[in-house]
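Chemist: Need coordinates for the below:
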Amino acid sequence: MSKDQDTQNEPLLRGRSKHRRTQSDYMAALLDRVTIDTWNEIVEAAVDAARGGDAQARSWLASYLVGKPEVKAPTPLAVVIQRINGRTSSLMSSPTR
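Modeler: You can find the predicted model right below:
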């Protein structure tokens, strides 16, 4: 058997298949299936769930609407030390750019 024939017969788990799915293949399939109307329904359901108290829905919406904070929150120990020292200024570090 030639090396090329060996490669064709190897299982996919070894990563030697002739065709591998790429990230773009999966994204294309997703975009074909999730229309803008479907996405609007998903977002509306998330908004309704968030209004109803669903923490995961609020978190998901916030991640898209607000994004992640650009500053790092102080540790609880740092806050306690700051209070002991009588400081009231913010411990929030500014974003590094």
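Chemist: buried ones in the biggest helix by length in the chain?
Modeler: In the chain, with assignment by DSSP state H, the single longest helix is helix 36-51. With burial defined by 16 or more other Cβ atoms under 10 Å, the residues of helix 36-51 counted as buried are 46, 49-50. Using the backbone N, CA and C atoms, a C-beta is placed for each residue, glycine as well.
Chemist: Which pLDDT value belongs to Gln5?
Modeler: pLDDT, Gln5: 52.
Chemist: got a list of contacts for the longest helix of the chain?
Modeler: Contacts to helix 36-51, defined as Cβ atoms under 8 Å, 6 or more residues apart in numbering, come from residues 34, 56-58, 60-61.
Chemist: still on that earlier bit, closest one of the buried residues of helix 36-51 to Ser24?
Modeler: Using Cβ to Cβ, Ala46 comes nearest to Ser24 of the buried residues of helix 36-51, at 26.4 Å.
Chemist: how close does that closest one get to Leu30?
Modeler: Applying Cβ to Cβ, to the nearest Å, the value for Ala46 to Leu30 is 17 Å.
Chemist: now do Pro69
Modeler: From Pro69 over to Leu30 (counting by Cβ to Cβ), the distance is 28 Å.
Chemist: try Val79
Modeler: 43 Å.
Chemist: So between those two, which is more surrounded?
Modeler: Val79 (13 against 9; other Cβ atoms under 10 Å).
Chemist: can you list the weak-confidence ranges in this protein?
Modeler: Within the chain, the stretches with pLDDT under 70 are 1-20, 88-97.
Chemist: returning to that earlier point: can you put the contacts of helix 36-51 in CSV and add secondary structure and neighbour count?
Modeler: Converted to CSV, those look like this (DSSP: H, G, I helix; E, B strand; the rest coil; neighbours: other Cβ atoms under 10 Å):
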residue, secondary structure, neighbour count
Val34, coil, 12
Gln56, helix, 10
Ala57, helix, 17
Arg58, helix, 15
Trp60, helix, 16
Leu61, helix, 16
